[in-house]
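A.B. asks: Sequence below, structure please.
(one chain, ligands or ions: 1)
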Amino acid sequence: MSEYERIDKKIEEYREAMVEMQKELCKRPAISPVSGGKGEIEKAQYIKRKLEEVGFDSIDEYDAKDPKAKKGIRPNLVAKLHGKSSEKTIWFMTHMDVVPPGDLKLWHTDPWKATVKEGKIYGRGTTDNQQDLVASLYVVKAIKDLGITPPYDVGLVIVSDEETGSKYGLSYLLKVYPGFKKEDLILVPDFPSPDGSLIEVAEKSIMWLKFVAKGKQTHGSTPEKGINANRVASELICRLDKMLHESYPKRNELFDPPNSTFEPTKREGNVPNVNTIPGEDVFYWDCRVLPAYNLKEIFSKVEAEVKQIEKKFKVSVSIEKVMFDQAAPPTPKDALVVESLRKAVKRVYGVDTKTIGIGGGTVAAYFRRAGFDAAVWGKSDETEHQPNEYCIIDNMVNDAKAFATLCLE
Ligand SMILES: [Zn+2]
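C.D. replies: A predicted model of the protein is given here:
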């Protein structure tokens with residue numbers, strides 16, 4: 001029997017135990033205090049006991065202080081199994097926090113009582129992110145139980161606060177944990193695609209801007225006595241639209257759509273009646289920009305456009321950065337973690353993978369900004385954050401087999 005056949009067989013033996021672990025995890029709702037929960041402490045204590053049972057060589061806890069959380073902390077766990085060489089580590093990073101269940105009437109089962117039905121486990125967090133939290137723990141158990149020493153160290157990073165900004169999670173961990181190295185492989189299994197064919201390696205920058213155009217209100221019949229803020233805003237919107245699209249035309253086929261997008265979106269109500277000329281007009285833009293461009297530079301061009309409008313209409317227009325998030329440098333398509341993951345997904349699922357970029361930020365951006373390559377992947381029906389979230393048990397078990405490929409190569 002080949003090593004892969006042995007490990008696949010071993011992982012299959014854990015199927016029931018993996019489902020049981022899902023049930024235990026669901027019993028411990030780990031919701032961020034900002035979303036109305038108590039944090040991750042109880043779930044973390046349970047996971048820590050499981051890590052101890054598996055027999056990792058080291059298990060360390062890095063607690064970020066958060067007075068709003070139970071016991072005042074947001075725990076982060078790092079567990080390692082030593083390989084033949086400690087030159088590099090194969091990391092699997094998952095998160096223990098979950099989003100609130102939302103309207104309970106929409107759930108057919110109790111979100112905190114995992115329910116198994118037709119090969120699926122229903123419950124909040126079962127796919128996001130417990131499916132692969134469990135899979136990554138059991139692949140190490142299989143390695144240990146078979147007495148295999150993997151070629152390199154294998155590490156699990158299990159963080160808090162992924163759903164609400166990562167301040168107490170990965171962002172904190174990167175400051176206090178010195179153990180990540182450039183040559184490491186970092187997989188973040190938290191990106192849903194039903195057939196597992198997508199590997200996320202890049203993201204666009206996000207810039208949300210709020211503009212307040214201040215004119216002078218007057219009666220609809222005497223426009224010359226006021227300054228119509230609606231006209232100011234409308235002309236500004238048209239000029240920004242033209243300038244942004246003409247100045248930033250690059251395309252990158254990694255992304256869908258392949259171009260940067262610049263969209264005027266929300267517009268606040270100005271006056272309630274037709275016969276008043278509005279003295280103020282408030283509007284917003286949602287810009288998703290290819291990583292090749294610098295947001296600061298784009299913003300200064302926006303400011304220049306605003307200055308011209310201010311001069312033309314003799315008004316003031318303020319700009320507020322509602323969101324201003326420069327994208328991390330992409331992980332190269334041929335990075336080792338991507339190539340290894342391709343092989344793993346092909347071996348287990350028989351699927352050819354495609355690297356993609358997305359329009360919003362993922363937690364991998366923290367790794368990428370810190371100079372580490374990281375790939376984000378997953379195989380699930382996109383039920384995360386929804387009522388009746390479920391994990392397909394086969395996916396959980398097979399993901400563990402795919403992770404084994406990464407650990408043993
Ligand atoms: Zn997630």
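
A.B. asks: and residue 26, how far is that from the ion?
C.D. replies: 15 Å (C-beta to the ion, to the nearest Å). In this view, the C-beta of every residue, glycine as well, is placed from N, C-alpha and C.

A.B. asks: Closest residue of the stretch 201-350 of the chain to the ion?
C.D. replies: residue 203 (14.8 Å; C-beta to the ion).

A.B. asks: so residue 125 makes contact with residue 24?
C.D. replies: No: Residue 125 is not in contact with residue 24 according to C-beta atoms under 8 Å; the separation is 11.5 Å.

A.B. asks: how about the strands in the stretch 301-409 of the chain?
C.D. replies: Taking DSSP state E, counting those that start in this stretch as the criterion, the stretch 301-409 of the chain carries its strands at 316-325, 354-358, 375-377, 390-392.

A.B. asks: quick one on the thing from earlier: now do the same contact list for the residue of the stretch 201-350 of the chain closest to the ion.
C.D. replies: 291, 327, 328, 330, 357, 358, 359, 360, 361, 362, 365 (C-beta atoms under 8 Å, 6 or more residues apart in numbering).

A.B. asks: Present those as a markdown table; the columns should include neighbour count.
C.D. replies: What follows is the contacts of residue 203, written out as a markdown table (neighbours: other C-beta atoms under 10 Å):
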| residue | neighbour count |
| --- | --- |
| 291 | 20 |
| 327 | 23 |
| 328 | 22 |
| 330 | 21 |
| 357 | 19 |
| 358 | 18 |
| 359 | 16 |
| 360 | 11 |
| 361 | 18 |
| 362 | 20 |
| 365 | 22 |
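
A.B. asks: Could you check the pLDDT of residue 12?
C.D. replies: What the model reports for residue 12 is a pLDDT of 98.

A.B. asks: and it, how many neighbours?
C.D. replies: Neighbour count for residue 12, taken as other C-beta atoms under 10 Å: 13.

A.B. asks: what's across from the residue of the stretch 201-350 of the chain closest to the ion in the sheet?
C.D. replies: Note on residue 203: beta-bridge partners residue 358, judged by DSSP bridges.

A.B. asks: Ignoring the adjacent residues along the chain, who's closest to whatever residue of the stretch 301-409 of the chain ends up closest to the ion?
C.D. replies: Of the residues in the stretch 301-409 of the chain, the one nearest the ion is residue 384, at a distance of 6.2 Å by C-beta to the ion. Distances taken as C-beta to C-beta, 6 or more residues apart in numbering put residue 128 closest to residue 384, at 3.5 Å, once the chain neighbours are dropped.

A.B. asks: For the closest residue to the ion within the stretch 151-300 of the chain, give me its contacts.
C.D. replies: The minimum distance from the stretch 151-300 of the chain to the ion, using C-beta to the ion, falls at residue 190 (4.2 Å). Contacts here follow C-beta under 8 Å, 6+ apart; on that basis residue 190 touches 94, 95, 128, 129, 132, 162, 362, 363, 376, 378.
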